[in-house]
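*Asks:* What follows is a predicted structure for the sequence shown.
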Amino acid sequence: MAPFTRRQRVGNALKFLELLRREVTFRPLPFIILAALSGFANAAVLATINAAAQNVTARQGNLRFILLFGLAIAIFVVCQRRLMSEICAKVEDAIHGVRVRLLDLARRSELLQIEEIGRSEIYACLSRETQTLAQAAPSMVIVVQSAILVACTLLYIATLSGLAFALAVVFTVLGGLIHRMQMSEINRQLRDTYTRETELADRLSDLLDGFKEVKMNTARGLELGEQGRAISAEVARLKTRTQILYARDFVMSQVTFFILTGVMVFVVPNLSSAYLDVVVKTTTASLFMIGPISNVVGGIPIFSNANAAAQHILELEARMVALERSVTESPPPFRHFEQIRAEGITYRYRGPQGEAGFQIGPIDLTLRRGTIVFITGGNGSGKTSMLLTLLGLYPPQSGRLMLDDVVIGPHNLNAYRNLFSAVFADSHLFRELYGVETIDAALAADLFGLLEMSGKTELKGKSFGTTKLSGGQRKRLALIAALLEKRPICFFDEWAADQDPYFREKFYRVILPRLKKDGITVIAITHDDKYFDVADVHLHMDEGRMTILRAPEDRAVGA
């Protein structure tokens with residue numbers, strides 16, 4: 001990875017502030033005033049202590065110094081609390097805005113786009129990176145306030161001795177240069193760590209989402225575990241290397257100010273006789289700066305992590321904003337249809353370098369309302385890809401979809417998709433029935449009885465009592481959820497594969513005929529040849545090509 005230019009490094013260092021300014025109404029002046037007052041109050045504490053120590057024998061002046069000391073502390077407490085609470089609130093508002101926008105962008109994206117970006121990266125930005133920003137907010141305030149305190153302390157030293165001030169500025173700049181020398185390497189380590197952590201999240205997703213497959217193949221589990229272990233070790237190495245750089249930065253900054261204190265005591269008195277009167281005050285001030293300097297240097301890792309998190313969020317958002325979104329969000333719904341036609345539709349997969357891959361089609365097909373359609377074919381034959389194209393989830397690269405005489409395009413694609421209820425092979429079971437405005441209680445009770453789920457779970461309002469069920473029971477619950485949507489077309493991808501023989505028989509001999517009787521069109525991918533007679537239309541896929549094995553004599557289904 002090529003090193004950043006100076007402008008790029010500065011830009012990356014400001015990503016956190018850029019995100020904050022963009023997301024919330026942020027007027028910096030009130031915060032600057034609060035931070036300045038807090039810093040001045042800290043410096044006033046130092047000045048008051050020095051002045052009181054110098055006049056310790058004059059007891060009549062103690063009350064004045066006590067009052068000044070108390071006033072400085074009170075100003076610090078009020079300003080610091082207000083500053084930290086306001087900044088934390090602004091950061092949380094910014095994070096809320098980012099979450100909402102990323103969720104909305106993801107919701108409005110297309111399936112292929114989400115598959116290209118990768119779910120792990122979206123999860124990382126919505127969880128890990130936003131958490132990093134939230135945790136960084138209080139520390140950021142402390143860092144800014146400490147930096148102001150250092151500046152105020154330097155001004156105080158300037159009132160005591162010009163020579164001491166010049167030395168303090170030189171050593172402060174030296175400490176800053178030491179830090180700057182480390183930051184390029186630190187930023188590179190942070191970028192590499194983020195990439196490897198995303199890969200680790202992918203391996204964890206493989207392990208958990210494919211747990212059954214892992215348990216059925218020892219070699220697969222061992223290789224997956226070994227890869228996860230190797231990536232985790234690399235993440236640990238990168239993070240350790242980053243922390244070593246931070247530690248080196250911290251130690252060198254501390255040593256710089258220890259040397260400054262030593263110079264104040266051992267060297268400067270030999271250069272200026274006038275300095276002898278203020279040596280204790282300047283030494284005390286330089287020691288007082290070590291705490292704020294430690295806060296600043298110690299906050300650098302937090303600031304760097306927050307900037308890296310903000311950069312990742314902004315980059316992901318830019319990628320998602322750049323995605324083509326030509327599909328109309330809320331088109332007028334289709335009230336009625338008689339047939340769906342696919343006219344010469346094709347879809348071809350593309351490789352990582354854009355090379356042509358597996359193709360389905362061209363498909364010519366007419367499906368009439370109220371029919372039962374079975375689709376068969378071997379693994380990799382293109383069944384699911386063809387159905388994803390027919391459902392409008394994959395865009396046809398040639399040909400067109402027709403609903404009666406209406407061409408399906410970006411302006412009405414969502415309305416077309418909303419004709420379907422689907423239970424995919426890897427279907428996600430929502431515990432709550434999102435998008436179903438009114439639950440038909442009578443239908444729900446009938447379906448629970450039909451699918452024999454009464455007593456195993458229940459429907460409370462719009463939510464299932466539990467979804468912690470066996471695989472077959474979860475598929476039955478998914479079928480209930482799909483039918484409660486009351487859509488005119490139902491799509492099932494190997495629904496019966498997880499069922500025992502009794503329920504497999506019931507699905508084909510009872511449930512599907514009932515759906516047909518109710519006027520619902522059924523499209524099902526299946527391998528259960530024992531029940532092929534249930535279908536009105538039998539389509540077979542082989543190497544991306546479709547063959548019609550059965551069709552009603554009075555209904556044309558293909559050409």
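*Replies:* Nice, thanks for sending it over.
*Asks:* pLDDT below threshold where in the stretch 151-300 of the chain?
*Replies:* Scanning the stretch 151-300 of the chain for pLDDT under 70 picks out 176, 178-184, 209, 211-217, 253-254, 257, 272-277, 298.
*Asks:* Quick check on Pro396: phi, psi?
*Replies:* phi -60, psi 140 (degrees, to the nearest 10).
*Asks:* residues contacting it?
*Replies:* Ile345, Thr346, Tyr347, Gly361, Thr389 (C-beta atoms under 8 Å, 6 or more residues apart in numbering). No exception for glycine: its C-beta is placed from N, CA and C like everyone else's.
*Asks:* let's see 10 Å
*Replies:* 342-347, 360-363, 389-390, 408 (C-beta atoms under 10 Å, 6 or more residues apart in numbering).
*Asks:* ok, now how distant is it from Thr159?
*Replies:* From Pro396 over to Thr159 the distance is 77 Å, taken as C-beta to C-beta, to the nearest Å.
*Asks:* Number of residues surrounding Arg335?
*Replies:* Residues near Arg335, counting by other C-beta atoms under 10 Å, number 6.
*Asks:* ok so it is a helix residue?
*Replies:* No. Counting by DSSP: H, G, I helix; E, B strand; the rest coil, Arg335 falls outside a helix, being coil.
*Asks:* Ramachandran coordinates for it?
*Replies:* According to degrees, to the nearest 10, Arg335 has phi -90, psi -30.
*Asks:* Against His411, how distant is it?
*Replies:* Counting by C-beta to C-beta, the gap from Arg335 to His411 is 17 Å.
*Asks:* Same question for Ala441.
*Replies:* Shown here: Ala441 relative to His411, a distance of 36 Å by C-beta to C-beta.
*Asks:* mind listing the strands for this structure?
*Replies:* Counting by DSSP state E, the chain has strands at residues 339-350, 356-368, 372-377, 398-403, 406-407, 420-423, 459-460, 463-464, 489-493, 521-525, 537-542, 545-550.
*Asks:* can you put these in CSV and add mean neighbour count, mean pLDDT and distance to Ala43?
*Replies:* Shown next, in CSV, are the strands of the chain (neighbours: other C-beta atoms under 10 Å; pLDDT from 0 to 100; distance: least, C-beta to C-beta, whole Å):
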stretch, mean neighbour count, mean pLDDT, distance to Ala43
strand 339-350, 18, 88, 63
strand 356-368, 18, 85, 67
strand 372-377, 22, 93, 77
strand 398-403, 16, 91, 72
strand 406-407, 12, 92, 73
strand 420-423, 20, 90, 67
strand 459-460, 14, 86, 61
strand 463-464, 16, 86, 58
strand 489-493, 22, 92, 70
strand 521-525, 23, 93, 74
strand 537-542, 20, 92, 78
strand 545-550, 15, 85, 80
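*Asks:* how about these, which one is nearest Ala94?
*Replies:* strand 463-464 (31.6 Å; C-beta to C-beta).
*Asks:* any idea how far stretch 187-207 is from the chain center?
*Replies:* Centroid separation for stretch 187-207 versus its chain: 13 Å, with C-alpha atoms, centre = their mean, to the nearest Å.
*Asks:* Tell me which of Ala441 and His411 has more neighbours.
*Replies:* More crowded of Ala441 and His411, by other C-beta under 10 Å: His411, with 13 against 9.
*Asks:* Hmm, that one is touching Val327, no?
*Replies:* Yes. Counting by C-beta atoms under 10 Å, His411 touches Val327, with 8.2 Å between them.
*Asks:* what would the strands of the chain look like in a markdown table with distance to Ile75?
*Replies:* Formatted as a markdown table, those follow (distance: least, C-beta to C-beta, whole Å):
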| stretch | distance to Ile75 |
| --- | --- |
| strand 339-350 | 64 |
| strand 356-368 | 68 |
| strand 372-377 | 75 |
| strand 398-403 | 70 |
| strand 406-407 | 71 |
| strand 420-423 | 63 |
| strand 459-460 | 55 |
| strand 463-464 | 52 |
| strand 489-493 | 67 |
| strand 521-525 | 72 |
| strand 537-542 | 76 |
| strand 545-550 | 79 |
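*Asks:* looking at those, which is closest to Leu67?
*Replies:* It's strand 463-464; of the strands of the chain, that one is closest to Leu67 (C-beta to C-beta) at 62.1 Å.
*Asks:* Give the other helices and strands that that closest one contacts.
*Replies:* Counting contacts by 3 or more C-beta pairs under 10 Å, 6 or more residues apart in numbering; DSSP states H and E, strand 463-464 is packed against helix 471-484.
*Asks:* mean confidence for the helix it packs on?
*Replies:* Helix 471-484 carries an average pLDDT of 90.
*Asks:* Can I get that helix in PDB? Just the C-alpha atoms.
*Replies:* Output in PDB follows, covering the C-alpha atoms of helix 471-484 (Å, rounded to 0.1, in the frame of the first residue of the first chain):
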ATOM      1  CA  GLY A 471     -35.100 -26.800  11.500                       C
ATOM      2  CA  GLY A 472     -38.300 -28.300  10.200                       C
ATOM      3  CA  GLN A 473     -40.400 -26.400  12.700                       C
ATOM      4  CA  ARG A 474     -38.700 -23.100  11.800                       C
ATOM      5  CA  LYS A 475     -39.500 -23.800   8.200                       C
ATOM      6  CA  ARG A 476     -43.200 -24.300   9.200                       C
ATOM      7  CA  LEU A 477     -43.100 -21.100  11.100                       C
ATOM      8  CA  ALA A 478     -41.700 -19.300   8.100                       C
ATOM      9  CA  LEU A 479     -44.500 -20.800   5.900                       C
ATOM     10  CA  ILE A 480     -47.000 -19.400   8.400                       C
ATOM     11  CA  ALA A 481     -45.400 -16.000   8.200                       C
ATOM     12  CA  ALA A 482     -45.400 -16.000   4.400                       C
ATOM     13  CA  LEU A 483     -49.000 -17.000   4.200                       C
ATOM     14  CA  LEU A 484     -50.100 -14.300   6.700                       C
END
